[in-house]
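*Asks:* Okay, sequence plus prediction incoming.
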Amino acid sequence: MPTLQAAFVRAIFWIIRLIPVRLAGAIGAGAGRLAFHLIRRRREIAVRNLARIYPDRSTAWQRHIARESFAEMGRTMLEIPHVFLRSKAFLQSRVQVEGKAQFLAAMAEGKGVFNIFYHHSNWELCGIMYATLTPNVDGIYRAIKNPALEQFVKQRRERFGVSMHPRQQGLRWLPAALKKGHSIAVLLDQHLSTGLPVPFMGHLANTSTLPAKFVSKYGTPVFGVALHRIGRSFRFRMELWPIEMPAPSGDKDQDIYRITEHIGKTFEPAIHQRPELWLWSHQRWLWQEEQDAQLAEKALVSQSRKERKGRPMR
C-alpha cells in the first residue's frame, strides 16, 4: 500500500507538471480558499493567530488575510510538482537573488553558516534555489512516514546538491559539517515542544535554540533567507541577509535566549509586509495559549472561591 500511494503521488506530480505553472498555482489558490471554509480547526487557528498579532485590525481583515494565507498555501502545494520536476534553468529564471555576495563571502571564511528559513511563500522553492548558490549544503527536515514517498521527496529535494538529514537521524553530523565549512539550512518558525519560549512578534512561542547554541559556542555566522512572491505569479525575489548577533553577556543561557529572539525579529518585517504569504494555520503560539488557559483557569477558581466566601451563612 505505501508503494502504491507513492506511485499515485508521483503520477499526480507529473500530471500537474504538464499544466502551466501559473494555471496550476491559480487552481491551488482556489482550492486553498475552499479549504479555508471546509477545514474549521485550521481556519480557527489562523484567525486566532492573526487576532493575537493584529488586535487593532478588523475581524473582516483578519479573516481575509487568513483566507489568503490558505490560498497561498494551496498555490504553493500545486507549484511544488513544478519545483520538484522542472529544470534548474527554468527555476532560476523565475527567482532573482539578493544578498548572494555577502552570503558567499561568509561561506568563504570556512566556519560554516546557519541559514534560517520560514514558511513564507513557496518554501520548497526557496530551499531548492538556495541549494544552487553554493556546494556543501545540509538541510534538516521532518521525514515522511511513507518510506517510498519519503524516498521520492528526498531525491527531489536533493537533486541540486543539498544533503537532507531527517530529524530522527539526530545531529551528530552537524558539528563536523560546520567544521568543513558547510551551510546548514533550518526552518525555525514552527512550534517545538522542546524549544525555548521566546517572544516572536510580541508573544512567547516555543522555538528551537539549535542555531543559537552554535552561535554562542563557536560564533557561527547566521543568514536569514526569505522568498518574496511577486504579485501572485510564479516569480520571486529571494533575499539573504546577515543576522548580526547581540554582544555576549557572559551568561550562556541568557545569550541563547537573546540570540533566538533576535533571529526571529529579523523575519518580522517580511511577515508584516505581506502577512498573507506566511503560514498562519500553524499553532505557532501554542505555548502562550496554554499559559493563557492556565491563568484563566486559576482566575476562575479564585473568583469562585471569593464568591463562596462572600455568601451569607444559613
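*Replies:* It's in.
*Asks:* Give me the contact list for stretch 236-244.
*Replies:* Residues outside stretch 236-244 that contact it (Cβ atoms under 8 Å, 6 or more residues apart in numbering) are 94-100, 102-103, 106, 115-116, 121-122, 125-126, 129-130, 221-230, 262-263, 266, 270. Every residue, glycine included, has its C-beta placed from N, CA and C.
*Asks:* How about stretch 260-275?
*Replies:* Contacts for stretch 260-275 (Cβ under 8 Å, 6+ apart): 50, 54, 65, 69, 116, 118, 120, 188-189, 196, 198-201, 205, 207-209, 211-212, 222, 224, 226, 228-229, 239, 241, 243, 245-246, 277-278.
*Asks:* Just to be sure, residue 96 is in a strand?
*Replies:* Yes - checked against DSSP: H, G, I helix; E, B strand; the rest coil, residue 96 lies within a strand.
*Asks:* Tell me how far it lies from residue 227.
*Replies:* 11 Å (Cβ to Cβ, to the nearest Å).
*Asks:* Now find how far off-centre stretch 84-91 is within its chain.
*Replies:* Here stretch 84-91 is found 22 Å from its chain centre; the criterion is Cα atoms, centre = their mean, to the nearest Å.
*Asks:* residues of it that come out buried?
*Replies:* 84-85, 91 (16 or more other Cβ atoms under 10 Å).
*Asks:* where along this structure do the helices fall?
*Replies:* 2-17, 21-38, 40-53, 59-85, 88-93, 100-108, 123-130, 147-157, 173-179, 210-218, 252-265, 268-273, 286-310 (DSSP state H).
*Asks:* The ones you listed into CSV, with extra columns for distance to residue 138 and mean pLDDT?
*Replies:* Shown next, in CSV, are the helices of the chain (distance: least, Cβ to Cβ, whole Å; pLDDT from 0 to 100):
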stretch, distance to residue 138, mean pLDDT
helix 2-17, 25, 92
helix 21-38, 28, 98
helix 40-53, 31, 98
helix 59-85, 19, 98
helix 88-93, 19, 97
helix 100-108, 13, 96
helix 123-130, 12, 94
helix 147-157, 12, 93
helix 173-179, 5, 94
helix 210-218, 13, 93
helix 252-265, 18, 96
helix 268-273, 24, 96
helix 286-310, 28, 82
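*Asks:* Which one, of those, ends up nearest to residue 234?
*Replies:* Closest to residue 234 of the helices of the chain, according to Cβ to Cβ: helix 21-38, at 4.6 Å.
*Asks:* Please export the C-alpha coordinates of the closest one as CSV.
*Replies:* Extracted in CSV, the C-alpha atoms of helix 21-38 (Å, rounded to 0.1, in the frame of the first residue of the first chain):
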residue,chain,number,x,y,z
VAL,A,21,2.7,26.7,-13.6
ARG,A,22,0.7,29.9,-13.4
LEU,A,23,-2.5,28.0,-14.0
ALA,A,24,-1.5,25.3,-11.5
GLY,A,25,-0.9,28.0,-8.9
ALA,A,26,-4.3,29.6,-9.6
ILE,A,27,-6.1,26.3,-9.2
GLY,A,28,-4.2,25.7,-6.0
ALA,A,29,-5.2,29.1,-4.7
GLY,A,30,-8.8,28.4,-5.4
ALA,A,31,-8.5,25.0,-3.6
GLY,A,32,-6.9,26.8,-0.6
ARG,A,33,-9.7,29.3,-0.3
LEU,A,34,-12.2,26.4,-0.4
ALA,A,35,-10.2,24.6,2.3
PHE,A,36,-10.4,27.8,4.4
HIS,A,37,-14.2,27.3,4.6
LEU,A,38,-14.1,23.5,4.9
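*Asks:* List the buried residues for it?
*Replies:* Those would be 21, 24-26, 28-29, 31-32, 35-36, for helix 21-38 by 16+ other Cβ under 10 Å.
*Asks:* Can you give the contact residues for that helix?
*Replies:* The contact list for helix 21-38 (Cβ under 8 Å, 6+ apart) reads 16, 19, 42-43, 46, 66-68, 70-79, 81-82, 86, 232-234.
*Asks:* State the pLDDT value of residue 311.
*Replies:* pLDDT, residue 311: 65.
*Asks:* My error: substitute residue 145 in the last question.
*Replies:* For residue 145, the model assigns a pLDDT of 89.
*Asks:* dump the residue contacts of it.
*Replies:* So residue 145 contacts nothing (Cβ under 8 Å, 6+ apart).
*Asks:* Dump the helices of the chain to a markdown table, plus distance to residue 165.
*Replies:* Listed next are these as a markdown table, based on distance: least, Cβ to Cβ, whole Å:
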| stretch | distance to residue 165 |
| --- | --- |
| helix 2-17 | 21 |
| helix 21-38 | 29 |
| helix 40-53 | 28 |
| helix 59-85 | 19 |
| helix 88-93 | 22 |
| helix 100-108 | 19 |
| helix 123-130 | 13 |
| helix 147-157 | 10 |
| helix 173-179 | 6 |
| helix 210-218 | 12 |
| helix 252-265 | 20 |
| helix 268-273 | 26 |
| helix 286-310 | 25 |
